[in-house]
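**Q** could you work out the structure for the sequence below:
(chains A, B, C and D, ligands or ions: 4)
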2 protein chains.
Amino acid sequence: MEYREEILTLLKAHHLRLTKIRRSLVDVLFQNEAPLSVQDILCKLRKIQLTVNKTTVYRALEQLQNIGIIGVVRLGDRKQYYELAFREHHHHLICLQCERVEDVDMNEDRLFAEEKKVSDERGFTILRHSLEFFGLCRRCQSI
Amino acid sequence: MEYREEILTLLKAHHLRLTKIRRSLVDVLFQNEAPLSVQDILCKLRKIQLTVNKTTVYRALEQLQNIGIIGVVRLGDRKQYYELAFREHHHHLICLQCERVEDVDMNEDRLFAEEKKVSDERGFTILRHSLEFFGLCRRCQSI
DNA sequence: TTGACAAATGCAACTGAGTTGCGTTATTAT
DNA sequence: ATAATAACGCAACTCAGTTGCATTTGTCAA
Ligand SMILES: [Mn+2]
Ligand SMILES: [Mn+2]
Ligand SMILES: [Zn+2]
Ligand SMILES: [Zn+2]
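**A** Ligands and ions are numbered 1, 2, ... in the order given. I've put the predicted structure just below:
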């Protein structure tokens, strides 16, 4: 399904307006495989002649999060990074040298088993986890 | 081995001085099972009549990190949390309700296998990972 | 024990990410 | 076209962490 259609539907369902900024914001996230920070987003928007205030971006991101269009990721620094949520649950490889970010899918059976064990043994209900890998990407190995 | 001895040795080896603040800082981390933020540390120090400047704490933490006495943890908010490093590699359970933090050890064989796979297939060398679990602690379940 | 020297500390000012209140502008439904 | 209200921009704010510099303190050798 065309993702724009889906987004339009979701926005309507939540009485949110499909503005130029919101559309471009989603486009920017769609065209980037890696999660983006707010500063990243502002730069990319400026490149397509859209000079937007950061407050607007923060508020738009929060709403798009609420209706499940985008998700937040933490990559080890103080910033939040955003990516479209239509991608299934996955994790990231973060290069400590050049800060490049790659998606990584993996089998999490063992992880879920551990979560169940913790839940059973200590009465802690695990709702989600965050797992990120840090190291050196192919390009930075040789340096 | 008495952890104070070990710390003293390490400090000397790096030409660092064993000051009252540094000793108390390590004591505070030693007496708390959960990782602490700088604000947490400042409060705990004030409780034992040590009113310290935050800059001093940040600088001390950085040095103790450099010589491997303490480690940094990220728990999903913008703060950094610090814990003593003599504890072996482990992860955390973070309660989304009350923010309580518990340590959790787990078998990581499967995780290491995945890391090797990624390394082989994509040429990305993984040096470390961060894995934290979010949910509801025993006390917050019933609410 | 003392004094010189380097390390540690405190303070004020700063940065960068994110938030809030409010007045103005744009989208939407009728 | 108009009215209702959501979205936007701006300025001022919070909060974690950093930096430069003057002052204090710990260490070590004389
Ligand atoms: Mn991703
Ligand atoms: Mn821990
Ligand atoms: Zn790289
Ligand atoms: Zn709890």
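
**Q** for DNA strand D, what are the nearby residues on chain A?
**A** By C-beta under 7 Å from any atom of the strand, the residues of chain A that approach DNA strand D are A:15-17, A:19-22, A:51-53, A:55-56, A:59-60, A:63, A:78. Every C-beta, even on glycine, is put in place using the N, C-alpha and C of the backbone.

**Q** can you say which of those are buried?
**A** Buried members of the residues of chain A next to DNA strand D, scored by 16 or more other C-beta atoms under 10 Å in any protein chain shown, are A:16, A:22, A:52, A:60.

**Q** quick one: what helix or strand has the last one in it?
**A** According to DSSP states H and E, A:Ala60 maps onto helix A:54-66.

**Q** now for that helix, which elements pack on it?
**A** With contacts taken as 3 or more C-beta pairs under 8 Å, 6 or more residues apart in numbering or on different chains; DSSP states H and E, helix A:54-66 sits against helix A:20-31, helix A:38-47, strand A:70-73.

**Q** and chain B, which of those is closest to it?
**A** strand A:70-73 (9.9 Å; C-beta to the nearest C-beta).

**Q** need the contact partners of that closest one.
**A** A:26, A:29, A:35, A:61, A:64-65, A:80-85, A:92, A:132 (C-beta atoms under 8 Å, 6 or more residues apart in numbering or on different chains).

**Q** and the next element down the chain from that strand?
**A** strand A:81-84.

**Q** for that following strand, give me every contacting residue.
**A** Around strand A:81-84, the neighbours that count as contacts under C-beta under 8 Å, 6+ apart are A:3, A:26, A:29-30, A:34-38, A:41, A:61, A:65, A:69-75, A:101.

**Q** quick check: neighbours of the next helix or strand after it in the sheet, parallel or antiparallel?
**A** Next in sequence after strand A:81-84, counting helices and strands by DSSP H and E, comes strand A:91-95. Strand pairing for strand A:91-95, using DSSP bridges, gives strand A:101-104 (antiparallel), strand A:125-136 (parallel).

**Q** quick check, the last one touching ligand 4?
**A** No - applying C-beta under 5 Å from the ion, one finds strand A:125-136 separated from ligand 4 by no less than 10.0 Å.

**Q** output that strand as PDB, nothing but the C-alphas.
**A** C-alpha atoms of strand A:125-136 as PDB (Å, rounded to 0.1, in the frame of the first residue of the first chain):
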ATOM      1  CA  THR A 125       7.100  -7.600  33.300                       C
ATOM      2  CA  ILE A 126       9.200  -6.700  30.300                       C
ATOM      3  CA  LEU A 127       7.300  -4.500  27.800                       C
ATOM      4  CA  ARG A 128      10.100  -3.600  25.400                       C
ATOM      5  CA  HIS A 129      13.800  -3.700  25.100                       C
ATOM      6  CA  SER A 130      16.500  -1.600  23.500                       C
ATOM      7  CA  LEU A 131      19.500  -3.300  21.800                       C
ATOM      8  CA  GLU A 132      22.100  -1.400  19.900                       C
ATOM      9  CA  PHE A 133      25.600  -2.500  18.700                       C
ATOM     10  CA  PHE A 134      28.600  -0.200  18.600                       C
ATOM     11  CA  GLY A 135      31.700  -0.800  16.600                       C
ATOM     12  CA  LEU A 136      33.400   0.000  13.300                       C
END
